[in-house]
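>>> sequence and predicted structure are below.
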Amino acid sequence: MRSFRSALVTGGNGFIGSALVARLVAEKVHVICLVREKRRCLPFDHLSDVQTIEVPSFQTSCLKSRLANVSAEIVFNLASYGVRAGRRDPDELIEGNVGLTTHLLEAVGSGP
């Protein structure tokens, strides 16, 4: 049984993320999907209890700004760099995976 009513999801437009978003909505959870850029229709665009927030970057200051008025009880970080062939640059892998997690934690943390 779930014990939360709202969730922030990164990577919601991926295979696993879109399945998670659909499941959360089915469980009556309000979902906030954080996406880097919306180039096409997202898998959850048709779902009524999903809010999409676009960010130009995943830097802490940008995330704090875009998430300033957002409240979620739980965060699912499913965003990942390096999933597509040809996107395996080591520096980008570190920034896109470790850096994103760090920036996200800083942005949603309770500190200043």
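Happy to help now that I have it.
>>> excluding sequence neighbours, find me the nearest residue to residue 107.
residue 63 (3.5 Å; CB to CB, 6 or more residues apart in numbering). Just so you know, the C-beta spots here come from the backbone N, C-alpha and C atoms, and that holds for glycine as well.
>>> surely the one you found meets residue 102?
No. Taking CB atoms under 8 Å as the definition, residue 63 is not a contact partner of residue 102, at 10.6 Å.
>>> higher neighbour count, those two?
Neighbour tally, residue 63 and residue 102, criterion other CB atoms under 10 Å: the higher count belongs to residue 63, 22 against 13.
>>> show me the contacts for the more buried one.
34, 55, 103, 104, 106, 107, 108 (CB atoms under 8 Å, 6 or more residues apart in numbering).
>>> tally of neighbours for the last one?
Other residues within reach of residue 108, judged by other CB under 10 Å, total 16.
>>> lowest-confidence helix or strand of this protein?
Lowest on mean pLDDT, DSSP states H and E among the helices and strands of the chain sits helix 90-93, with a mean of 75.
>>> following element in sequence after that one, please.
helix 100-108 (DSSP states H and E).
>>> what residues does that next one touch?
8, 10, 58-60, 63-64, 67, 72, 75, 77, 79, 81.
>>> C-alpha coordinates for it, CSV please?
The C-alpha trace of helix 100-108 is given here as CSV (Å, rounded to 0.1, in the frame of the first residue of the first chain):
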residue,chain,number,x,y,z
LEU,A,100,22.2,15.1,-11.9
THR,A,101,21.6,13.2,-8.7
THR,A,102,23.7,15.6,-6.7
HIS,A,103,22.0,18.7,-8.2
LEU,A,104,18.5,17.1,-7.7
LEU,A,105,19.3,16.4,-4.0
GLU,A,106,20.5,19.9,-3.5
ALA,A,107,17.4,21.4,-5.2
VAL,A,108,14.8,19.4,-3.2
